[in-house]
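# pasted the sequence and its predicted model underneath.
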Amino acid sequence: MATVSDLDRVSMVILRYMRSPVFVLIIVYAIGITGMALIPGQDADGNVAYMSLFHAFYFFTFTATTTGFGEIPHDFTDAQRLWAILCIYMGVIAWLYAIGSIFRLMQNPHFLLALNEHRFARSVRQLRDPFFIICGFGDTGSLLARGLSDHWLRGVIIDTDPDRIKALRLRDYRVSMPGLCADPTVPRHLVDAGIRMPNCQGIVILTSKDDINTRIAVMARLLNPGVRILCRASSPRHIHHLESLGNITIINPFEIFAQLLSMAIQSPRLHNLNASLVRAPGVRLGDPIEVPTGDWIICGYGRMGRWLYRHFVDNGISPVVIDPRAEDIEGAARVIRAHANPESLREAGLEHAVGVVAGTDDDHVNLGILTSVAAIKPDVFTIVRQNRHENQLAFDAVDAKLVLQSSLTIARRVLKHLISPQVQLFIEYLRERGEDICAQTVERLRRNIGEQAPHLWHLRIEENSAGAVCERLAADLPLRLGEIRRDPHQRDASLPCIAFSIMRADQLVMLPGDDLLLVEGDDILFCGTERSETLLSASANNVYTLDYLVTGIDQPRGHVFRWLQQRAASTG
Amino acid sequence: MNLERVVFGFVIILGLAFTFAFVIGDFDNPGHHDIWMLTIAILINLIATGLKLGDRSQVGALLLASSLVADVLLIAARVVWIIREQETALGPSVETMANIVSLAAGALLASIVTVVILVGDTLISRR
């Protein structure tokens, strides 16, 4: 419906612009051709000969477009030449007018806008693969798009800033990502972005304004009640509003920060596993950071500071808070109402503190705190909040133990959700089960993939993603998880990957063993190398390879040899 | 070692060899091209096609397709030979011979493709 209206807009603008030039052309052509056909001419023998209408049209066409093939079919009389002069001037002026109108149309911003929207809607309509809609292509959006592209997932991007959409067109993604410069709160643009299409896997709303995010979420829910929505929101009012809509994954960057910090304190191994799963740079699997417990100082008590503070208190640490606008805080060791500088840091007891959080919403202030801290007590554990992605180089230089960057954290969390919602559930499962299970899992993962970066993917036991497996299960032949994991090049070895969890009929099976029998409809979350994903998917779709993996025998493929084998078997 | 692979590889390479044996020589000299060679090449290629029937893998489908091309071209060459055999006392004329050998050369190309696919597949599976 909206696509039709868009097409109408484009053609309507063209028609409105071209109406008068086309009229002028038709009238000029009619006058020229009629005149040429009515004026008597002479043939080679001097007889009176009239130009046929077709010849008149031919003559006028090449005259008006200044091609000029000459006088046909016979040399012209003076009367004809006189008319021809008139034809030339009329025709050329009419054409100049028409071409000028086309150029003006091409420069008309409304036309360009309509054309862009039309092209965007068409390229989205032609998508056959599953895709995600990303509203907002700022730091977070572009990091997310990069992550999606690394996993061969497709995104459709809407942003209000034309510069960001231009930037998008210059990116070298593995899959093409159409982008539209438009207001995502307008429902027509969401429909153009494919929110109603069956292969739309979800919408990720990442603009920096909670208010706009909520509006987009409401609109998306109305346009497609079944669509998965991931929405960034940090203020309690908007979070409450979004929760009331139901079934929306709310991404609150400050809460995620605090969870990560809490995880780093309580279960460093899990934090390490999580960091390497999201491929945080400089993280080695099985080499966790140790967050010390003792006296902590939090500089900045805004939205992030509040969350961090709550999680510190939950972990039995009562930190000193430094913030010029802080009120009395329950449970805090001390509150210092001052800007964070060497004096206030000393006053907060930096000399015997174990850790400092530089958590204001200004990168320069945070970097300043870190420099002061390094001058007073260089060996203290530092956690710093990075607000803008463009300050990356400065943050690399200060060498903080833990950098919490809003855009990166959100992008990683969203990406985990989009790859498979099981990832986060698995992390939470490990968290509940404690450090030992986590250590075992990390050890198993390391044995399998070594020093390579872990790669997450999921395999759904369905006809189009694992055809051979489905065929086998339909024939009532059992298939174990360990059998499909075997290496097709070397059957007694396994591919470098492990299964984290299996979603079976809305029930999660965590850390399934190799003996587990697969069932059609299973959704398996694997972690391994990218190459093992390719090989595993090939085994799951090739009946012969799968059969070889299970039995160890290369079964004959052609009718002839199968018949021979059956005969040999029946005669003994 | 897989018996089916051995037999199929043997037949397909034998077919290629016979096609080559028929094609080699002066292009249009009827004395350089033997009708028996062509007939045997057709037979062997048909056997190779038969052996590939029933394979449901992608590579199997490609092998079947390329050996079918070889069959069609070789049979076309043989049919031309039958129709034009009476042209001269010694058999087909020089022009007809050139046509027949061209068709057989096409079949040779298809056979080479088959062998390349077969070798590639065997190398990739590495076991």
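Nice, thanks for sending it over.
# so which bits of chain B are right by chain A?
Within chain B, the positions near chain A by CB under 8 Å from any CB of the partner chain are B:2-5, B:7-8, B:50-58, B:60, B:125-127. Where C-beta positions appear, they are placed from N, C-alpha and C, glycine not excepted.
# where in the stretch 201-350 of chain A is pLDDT low?
Along the stretch 201-350 of chain A, segments meeting pLDDT under 70 span A:328, A:330-333.
# residue of the stretch 201-350 of chain A closest to chain B, please.
Going by CB to the nearest CB, chain B is nearest to residue A:201 of the stretch 201-350 of chain A, at 27.6 Å.
# OK, contacts around that residue?
Residue A:201 makes contact with A:130-132, A:228, A:418 under the criterion CB atoms under 8 Å, 6 or more residues apart in numbering or on different chains.
# okay, these in CSV with secondary structure and distance to chain B next?
Output for those, formatted as CSV (DSSP: H, G, I helix; E, B strand; the rest coil; distance: CB to the nearest CB, whole Å):
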residue, secondary structure, distance to chain B
A:130, coil, 23
A:131, strand, 27
A:132, strand, 30
A:228, coil, 34
A:418, helix, 30
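# of all the residues you listed, which two lie farthest apart?
A:131 and A:228 (12.3 Å; CB to CB).
# more crowded one of those two?
Neighbour tally, residue A:131 and residue A:228, criterion other CB atoms under 10 Å in any protein chain shown: the higher count belongs to residue A:131, 23 against 18.
# quick check: beta-bridge partners of that one?
residue A:154, residue A:200 (DSSP bridges).
# list the contacts of it.
Contact analysis of residue A:131 by CB under 8 Å, 6+ apart lists A:124, A:153-156, A:194, A:199-201.
# just the buried subset of these, please.
A:124, A:153-156, A:194, A:200-201 (16 or more other CB atoms under 10 Å in any protein chain shown).
# among those residues, which pair sits farthest apart?
A:124 and A:153 (15.2 Å).
# distance from stretch A:350-364 to the middle of the chain?
33 Å (CA atoms, centre = their mean, to the nearest Å).
# list the contacts of that stretch.
In this structure, residues lying in contact with stretch A:350-364 by CB under 8 Å, 6+ apart are A:291-300, A:302, A:304-305, A:308, A:319-320, A:340, A:345, A:365-367, A:369-370, A:373, A:376-377, A:380-388, A:391, A:394-395, A:400, A:404.
# for residue B:48, give its distance to chain A.
With the distance defined as CB to the nearest CB, to the nearest Å, residue B:48 ends up 10 Å from chain A.
# and that residue, how many neighbours does it have?
Neighbour number of residue B:48 under other CB under 10 Å is 26.
# which of the helices or strands spans it?
Counting by DSSP states H and E, the element that carries residue B:48 is helix B:35-52.
# following element in sequence after that helix, please.
Using DSSP H and E, the helix or strand that follows helix B:35-52 towards the C-terminus is helix B:58-83.
# so which elements touch that next one?
On a contact count with 3 or more CB pairs under 8 Å, 6 or more residues apart in numbering or on different chains; DSSP states H and E, helix B:58-83 meets helix B:3-23, helix B:35-52, helix B:94-125.
# could I get those in CSV, plus columns for mean pLDDT and distance to residue A:143?
Compiled in CSV, the helices and strands packed on helix B:58-83 are given as follows (pLDDT from 0 to 100; distance: least, CB to CB, whole Å):
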stretch, mean pLDDT, distance to residue A:143
helix B:3-23, 92, 49
helix B:35-52, 93, 49
helix B:94-125, 91, 36
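# with respect to residue A:72, which of those lies nearest?
Short answer: helix B:94-125, nearest of the helices and strands packed on helix B:58-83 by CB to CB, at 47.6 Å.
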